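A.B. asks: build me a structure from this.
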Amino acid sequence: MTDDLRASPSDDDEDGAWMELSLSSLILNEEVAHAHAHAHDKPTTAPMPSSSSRLVWHRRDLRLADNELYSNQKTIYSVYIFDPSDYSTRQTGISDGKGGQLQSLNHGPHFTRSLIDAVHSLRRSLRSLGGDLIIRTGNPLQIIPQLAQELTIGEVAFSEVPGYYEFKQSEKLKHILQYGGPYRCKVFTTCSLTLVHPNDLPTDPEIWKRLARPNEKQKKRSKGKTKKQANSDVIAKSKSNPSLVIIDPTRFEAMPTIMGDFRRVARTAAPVRDLNDYPTAEIIAKDFTHINTGNVPSLEDLMKPLLESDVLILGCIPKELIIELADNADCIPHNNGNIEEQSLLHLRDFIQKHAAVADRSLCDVSGHNSSMLSLPLALGTLSPRQVYYCVKEEQNKLELEQGNSASDLIWLISHMEMRDYFLFNCFRDGASAYKINPKTPVHKPDTPREWLSLSEHQDKFIRWVSGETGLPLVDAGMKELLKTGYTSNRVRQNLASLLTKDLKLDWRLGAEWFQLCLEDHCVAANFGNWSYFAGTGGDPKNRHFRTISQCYKYDPNGVYVRKWIKIGEHDVEATLRPWAFDKEWPSPIVQPETQLTFDDKEKLERTGRISNEIFNCKYLG
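C.D. replies: Okay, the predicted model is just below:
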């Protein structure tokens, strides 16, 4: 999910959402597969424990407020597990041209730094209630059953998260705990990442279709086997075990591929559930005398496998660039505060003071022009329902005070809906989300998709990831991403446009690189947005941004570009076309005229400039 959870397929379109919400591995690694090779053996006859205690496994829900996992009266233990497979190189599914696959990483340095801070914060919150957060490093499929047995746990509870690796992992864990392991206990699952609960969305394909297009005449039902019949086993599975939320691909098979259609159905069929209460101290386990609660690993420890690996990330990225990325993350001060509380306070402040006037389309969204909710939503220190109800609360307040409902705040709720589209789309796509063409489009692409071989164009890809393309906006964006783990929605779109529409390189390379760099990474939003923008998703429009024209429109004084790259000439035109002012400026990676709109190209030919007048950037404050 990105900064404002928003993407516009064209300059003014808002039917998309570039949200930087963690890329998963495509298959369970060999260690996981070997450790639980017998996870699907026949059920054992071991009795369920009578204990009323619950073990909460935190994943992307590092908060106590509005967390359904704490909404009962059991004695609750909590655990977070750092999985070494997230910090070791793994296959990407992208061919290396030599019969193998390119390698990358699940959790990059910037995301890991913020994750560590959020885990520390959650531990402090639990300790303030008299409890603690158990920390472990290892394979969750081994650690959770062992910990459950050690604590005589009656129920293990966790939230489902998007990603094929994560889905397979949770399915295996459920089987181990209920049927296939030496220690059996109950399992409770929910989904705390989404605005609407999965169980509230339709199961009948005809309902999906009717609600998605209410004014469209529906075709008669086929007499053959329907999706409804094919989905009946999923419905039966849900009814047989109501304590488990079903998120496998068949559950959402009938979900519309067009974002607007999905949002229409969700609004109609799935009202937003009430917030869960903050847990009381009475339900938090307090006796840890016989258990080692563990220590949170350092960023240095977690990044060591990446920095010591001889494998080139994505087959060609220079080792120096990976070291630079890790060093940049290490230089950012840690947040030692109550991050959950900070996230909620920031949300309320933004809604009350800035949301109505924020210019979210700018390249530089500092100064409260972005909600900056992407990171707390990605880590789960804030829930989308908290966003929803904070907006509603402010709208109700303004309606009482001023007689209007403050419709200029509603965009925040719209972006939560867009975010849901990518999350549920990721559940539905399963492993196919990582294919170069994830799904069959609803109509033919308006421009044929042709992807060039990385092995023959490595130099271009390296220039793109390094921020050395010669195009100021693109290079500034990549420098910011490397330095901070963040860049605005507008800039992310331009980076994606150049890679997929101009360089014509596999969009998954961009998604993998973003995953490694982004502080606010989430697999559903990242891969979903890259596929969407590349035109390989269900709505394959040709979303081509002209980066020079975009720079002039959304960074008109060149402030953003000059913040991240050095341009000697003070004329604002130099931030658009530095090669016209500096003979030493590297040649742009593509012909500059391809990065101009028709009007800007005509203006340049007529006046010799893109900007309207000579503007001296030296006098900007």
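A.B. asks: in this structure I283 contacts Q73, no?
C.D. replies: Yes - in this structure, I283 is within contact of Q73 by Cβ atoms under 8 Å, at 6.0 Å. Any C-beta I mention is one placed from the backbone N, CA and C, and that applies to glycine too.
A.B. asks: which one of the two has more residues nearby?
C.D. replies: Neighbours were counted for I283 and for Q73 using other Cβ atoms under 10 Å; I283 has more, 16 against 10.
A.B. asks: can you tell me the closest non-neighbouring residue to the more buried one?
C.D. replies: Using Cβ to Cβ, 6 or more residues apart in numbering and skipping the chain neighbours, the partner closest in space to I283 is I76 (5.4 Å).
A.B. asks: stretch 88-104: end-to-end distance?
C.D. replies: Stretch 88-104 has an end-to-end distance of 8 Å (Cα to Cα, to the nearest Å).
A.B. asks: how far is that stretch from where the chain is centred?
C.D. replies: 22 Å (Cα atoms, centre = their mean, to the nearest Å).
A.B. asks: identify the residues contacting it?
C.D. replies: With contact meaning Cβ atoms under 8 Å, 6 or more residues apart in numbering, stretch 88-104 is reached by 23, 25-27, 29, 105-106, 305-306, 309, 311-315, 434-435, 453-455, 506, 508-509, 512, 515-516.
A.B. asks: tell me which of those residues fall in helices.
C.D. replies: Using DSSP state H to define helices, the subset of these located there is 305-306, 508-509, 512, 515-516.
A.B. asks: any chance of these in CSV, with pLDDT too?
C.D. replies: Formatted as CSV, those follow (pLDDT from 0 to 100):
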residue, pLDDT
P305, 97
L306, 97
R508, 97
L509, 98
E512, 98
Q515, 98
L516, 98
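A.B. asks: can you redo these as TSV with neighbour count and distance to H58?
C.D. replies: Listed next are the ones in helices among the contacts of stretch 88-104 as TSV, based on neighbours: other Cβ atoms under 10 Å; distance: Cβ to Cβ, whole Å:
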residue	neighbour count	distance to H58
P305	15	23
L306	23	23
R508	25	29
L509	26	31
E512	26	26
Q515	25	21
L516	25	23
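A.B. asks: turn those residues into JSON lines, columns for distance to A496.
C.D. replies: Converted to JSON lines, the ones in helices among the contacts of stretch 88-104 look like this (distance: Cβ to Cβ, whole Å):
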{"residue": "P305", "distance to A496": "28"}
{"residue": "L306", "distance to A496": "24"}
{"residue": "R508", "distance to A496": "12"}
{"residue": "L509", "distance to A496": "11"}
{"residue": "E512", "distance to A496": "13"}
{"residue": "Q515", "distance to A496": "13"}
{"residue": "L516", "distance to A496": "15"}
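A.B. asks: nearest to L321, of those?
C.D. replies: The shortest gap between L321 and any of the ones in helices among the contacts of stretch 88-104 belongs to L516, at 10.1 Å (Cβ to Cβ).
A.B. asks: what sits against the closest one?
C.D. replies: 104-105, 108, 313, 325 are the contacts of L516 under Cβ under 8 Å, 6+ apart.
A.B. asks: just the closest of those residues to T137, please.
C.D. replies: Nearest member of those to T137, counting by Cβ to Cβ, is L105, at 16.4 Å.
A.B. asks: isn't that closest one up against S85?
C.D. replies: No - using Cβ under 8 Å, L105 and S85 do not qualify as a contacting pair, with a distance of 10.0 Å.
A.B. asks: the stretch 351-500 of the chain: helices as residue ranges?
C.D. replies: Taking DSSP state H, counting those that start in this stretch as the test, the helices found in the stretch 351-500 of the chain are 374-379, 384-402, 411-429, 458-466, 472-484, 489-497.
A.B. asks: take those and lay them out in a markdown table including distance to R59 and mean pLDDT.
C.D. replies: Shown next, in a markdown table, are the helices of the stretch 351-500 of the chain (distance: least, Cβ to Cβ, whole Å; pLDDT from 0 to 100):
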| stretch | distance to R59 | mean pLDDT |
| --- | --- | --- |
| helix 374-379 | 10 | 98 |
| helix 384-402 | 16 | 93 |
| helix 411-429 | 14 | 96 |
| helix 458-466 | 29 | 98 |
| helix 472-484 | 25 | 98 |
| helix 489-497 | 25 | 97 |
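A.B. asks: quick one, which of those is nearest to Q146?
C.D. replies: helix 374-379 (26.0 Å).
A.B. asks: neighbours around T607, how many?
C.D. replies: Applying other Cβ under 10 Å, we find 10 residues neighbouring T607.
A.B. asks: follow-up on the earlier one: nearest to R263 among the contacts of L516?
C.D. replies: Looking across these and measuring by Cβ to Cβ, the closest to R263 is G108, at 30.4 Å.
A.B. asks: ok so, going back, hmm, V56 and the residue nearest to I283 touching each other?
C.D. replies: Yes - between I76 and V56 there is a contact at 5.8 Å, judged by Cβ under 8 Å.
A.B. asks: about what we covered before: more crowded one of L105 and S85?
C.D. replies: L105 (27 against 22).
A.B. asks: show the contacting residues for that one.
C.D. replies: Counting by Cβ under 8 Å, 6+ apart, L105 has contacts 86-90, 306, 313, 515-516.
A.B. asks: for G154, state which of the residues you listed is nearest.
C.D. replies: Using Cβ to Cβ, the contacts of L105 come closest to G154 at D86, 28.8 Å.
A.B. asks: what's the neighbour count on that closest one?
C.D. replies: 20.
A.B. asks: so where's the stretch 1-150 of the chain shaky on pLDDT?
C.D. replies: Regions of the stretch 1-150 of the chain meeting the criterion pLDDT under 70 cover residues 1-50.
A.B. asks: for this protein, what spans make up the strands?
C.D. replies: 54-58, 76-82, 90-95, 101-104, 133-137, 155-159, 186-190 (DSSP state E).
A.B. asks: now those strands as CSV including distance to P333 and mean neighbour count?
C.D. replies: Formatted as CSV, the strands of the chain follow (distance: least, Cβ to Cβ, whole Å; neighbours: other Cβ atoms under 10 Å):
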stretch, distance to P333, mean neighbour count
strand 54-58, 24, 24
strand 76-82, 21, 23
strand 90-95, 30, 19
strand 101-104, 27, 21
strand 133-137, 22, 21
strand 155-159, 29, 23
strand 186-190, 34, 20
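A.B. asks: format the ones you listed as JSON lines; extra columns: distance to E602.
C.D. replies: What follows is the strands of the chain, written out as JSON lines (distance: least, Cβ to Cβ, whole Å):
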{"stretch": "strand 54-58", "distance to E602": "56"}
{"stretch": "strand 76-82", "distance to E602": "56"}
{"stretch": "strand 90-95", "distance to E602": "40"}
{"stretch": "strand 101-104", "distance to E602": "42"}
{"stretch": "strand 133-137", "distance to E602": "60"}
{"stretch": "strand 155-159", "distance to E602": "53"}
{"stretch": "strand 186-190", "distance to E602": "56"}
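A.B. asks: nearest to Y165, out of the ones you listed?
C.D. replies: Nearest to Y165, of the strands of the chain and by Cβ to Cβ, is strand 90-95 at 8.7 Å.
A.B. asks: what's K563 in contact with, if anything?
C.D. replies: Residues counted as contacts of K563 (Cβ under 8 Å, 6+ apart) are 364, 476, 480.
A.B. asks: I'd assumed A269 was in contact with I207.
C.D. replies: Yes - if you go by Cβ under 8 Å, I207 and A269 touch, sitting 7.1 Å apart.
A.B. asks: return the residues in contact with T268.
C.D. replies: Taking Cβ under 8 Å, 6+ apart, we find T268 in contact with L211.
A.B. asks: ok, now L473?
C.D. replies: By Cβ under 8 Å, 6+ apart, the contact set of L473 is 363, 491, 494, 547-548, 550-551, 555, 560-561.
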